[in-house]
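Visitor: model the following, please.
(one chain, ligands or ions: 4)
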Amino acid sequence: RAKEMGKGAYAVFDTRMHRQAVERLQLETQLRRALELNEFQVYYQPIVSITTGEVIGFEALIRWLNPYKGFISPALFIPVAEEMGLIGKIGQWVLASACEQLQVWRQQFPRLKNLTVSVNLSSKQLREPDLLEQIDRVLTQTGLPSHCLKLEITESLLIDNYDQALKILRQIKARNIQLSLDDFGTGYSSLSYLHRFPINTLKIDRSFVKRLKPNSENTAIIKAILRLANALEMNTIAEGIETVFQLEKLKGLGCEYGQGHLFSKALDAQNITHLLSIIQRSLTEANSAH
Ligand code: C2E
Ligand code: MG
Ligand code: MG
Ligand code: MG
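Guide: Numbering: from 1, shown residues only. Ligands and ions are numbered 1, 2, ... in the order given. Sure thing, here's the model as predicted:
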């Protein structure tokens, strides 16, 4: 009997393994074709000044509308794309789309010329020998000034290939492109050499912001990150602000910028265009009132 049960368990296990393998294979096949079939879209999440409420820029976030499975989260398919060696092409597409779009907005809304766009960079992309050429080409082709582009990298990238990362990041910096360290505080501590990297911004990970709630004083880590940023002359963006309480707390602690559902989730370009037209109009009205 025990033997039979064991056999049954194996059968179930096998079926599940089989199903997972098939699903993975389907995902890979569909991912491989997604770019040419135009299934990706770039969404934009506003980044806001916590002190003034001003929108200072956007984070570009990829979206995949899969024809069979509907919306698939980038948290799920980006790692697969990395493993498959597809992230270079996808990342290049996001970079070009985001730069082109920001340049369109800058021309459409001349009062908002200082907006920036932040593009996430996979550590695999940083290892591609032609990354800098790709970036240069996109900036030339779109006409976007380099200081309007920000690249978001993660801590693990700094640790995994220290020398190469340092070299490329310096070359990026030399072009006046800005650099943010994403999800800061969740990686292994690279504190000891953080000051050697030309980073402009530390992005405080959502998990720390989440812990800011009434009656629980979980501010120690955020305070430490803010102090560190201050000492290293970097600015800070808090990720995942969802409540007024979190916003007020962060303001009190001196965090400069934020993004999160309290302000806006990531929106498609059309909705951001609408938002920007409202902002531009209010600026024009404020000006003519004087
Ligand atoms: P990330 O770079 O840390 O992006 C922030 C994530 O937090 C986004 O998830 C955003 O939609 C979400 N978020 C923002 N505000 C809130 C909030 O108030 N509450 C909650 N619950 N979530 C919030 P998303 O768009 O699903 O992206 C997940 C991750 O996928 C990104 O994390 C990034 O690591 C990766 N990713 C997205 N787009 C790209 C891309 O174009 N290239 C690469 N390499 N990675 C990307
Ligand atoms: Mg990011
Ligand atoms: Mg992040
Ligand atoms: Mg995050």
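Visitor: ok, G85 - contacts?
Guide: G85 makes contact with K124, according to C-beta atoms under 8 Å, 6 or more residues apart in numbering. Where you see a C-beta, it was placed from the backbone N, CA and C, and this is true even at glycine.
Visitor: swap in L95?
Guide: Counting by C-beta under 8 Å, 6+ apart, L95 has contacts V119, Q134, I135, V138.
Visitor: could you give the number of residues near the residue in the chain that ligand 4 sits nearest to?
Guide: The nearest approach of the chain to ligand 4 comes at D183, 4.3 Å away (C-beta to the ion). Residues lying near D183 (other C-beta atoms under 10 Å) number 17.
Visitor: helix or strand right after the longest strand belonging to the chain?
Guide: Ranked by residue count and defined by DSSP state E, the top strand of the chain is strand 55-66. Sequence-wise, the next helix or strand downstream of strand 55-66 (DSSP states H and E) is strand 70-72.
Visitor: partners of that next one, with directions?
Guide: Paired with strand 70-72 in the same sheet, following DSSP bridges, are strand 55-66 (antiparallel).
Visitor: list the buried residues in the partner strand.
Guide: Buried residues in strand 55-66, counted by 16 or more other C-beta atoms under 10 Å: V55, I56, G57, F58, E59, A60, L61, I62, W64, N66.
Visitor: out of these, which one has the weakest pLDDT?
Guide: Scanning the buried residues of strand 55-66 for pLDDT, the low point is N66. It has 92.
Visitor: quick one: which of the buried residues of strand 55-66 is nearest E256?
Guide: I56 (9.4 Å; C-beta to C-beta).
Visitor: return the residues in contact with that closest one.
Guide: I47, V48, S49, N114, L115, T116, Y257.
Visitor: if any of those are buried, put those into a PyMOL selection.
Guide: The PyMOL selection below is limited to those of those classed as buried (16+ other C-beta under 10 Å):
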select buried, resi 47+48+115+116+257
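Visitor: okay, the contacts of I56 in JSON lines with pLDDT and secondary structure next?
Guide: Output for the contacts of I56, formatted as JSON lines (pLDDT from 0 to 100; DSSP: H, G, I helix; E, B strand; the rest coil):
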{"residue": "I47", "pLDDT": "98", "secondary structure": "strand"}
{"residue": "V48", "pLDDT": "98", "secondary structure": "strand"}
{"residue": "S49", "pLDDT": "98", "secondary structure": "strand"}
{"residue": "N114", "pLDDT": "95", "secondary structure": "coil"}
{"residue": "L115", "pLDDT": "98", "secondary structure": "coil"}
{"residue": "T116", "pLDDT": "98", "secondary structure": "strand"}
{"residue": "Y257", "pLDDT": "98", "secondary structure": "strand"}
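Visitor: now render the contacts of I56 as TSV, adding distance to ligand 1.
Guide: Output for these, formatted as TSV (distance: C-beta to the nearest ligand atom, whole Å):
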residue	distance to ligand 1
I47	10
V48	11
S49	16
N114	22
L115	18
T116	15
Y257	13
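Visitor: just to revisit the earlier point, can you pick out the most distant pair from the buried residues of strand 55-66?
Guide: I56 and N66 (32.7 Å).
Visitor: tell me the pLDDT of K3.
Guide: Model confidence at K3 (pLDDT) stands at 53.
Visitor: interface residues of this protein facing ligand 2?
Guide: Residues of the chain lying near ligand 2 by C-beta under 5 Å from the ion: N120, E152, D182.
Visitor: next, format those as TSV and append secondary structure, neighbour count and pLDDT.
Guide: Converted to TSV, the residues of the chain next to ligand 2 look like this (DSSP: H, G, I helix; E, B strand; the rest coil; neighbours: other C-beta atoms under 10 Å; pLDDT from 0 to 100):
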residue	secondary structure	neighbour count	pLDDT
N120	strand	21	98
E152	strand	19	97
D182	strand	22	95
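Visitor: near ligand 1, which of the residues you listed show up?
Guide: Among these, the residues lying close to ligand 1 (C-beta under 6 Å from any ligand atom) are N120, E152, D182.
Visitor: closest to A289 among these?
Guide: Nearest to A289 among those, with distances taken as C-beta to C-beta, is E152, at 37.7 Å.
Visitor: who's in contact with the closest one?
Guide: Applying C-beta under 8 Å, 6+ apart, the residues near E152 are E59, S118, V119, N120, L121, L179, S180, L181, D182, K203.
Visitor: filter those residues to the buried ones?
Guide: E59, S118, V119, N120, L121, L179, S180, L181, D182, K203.
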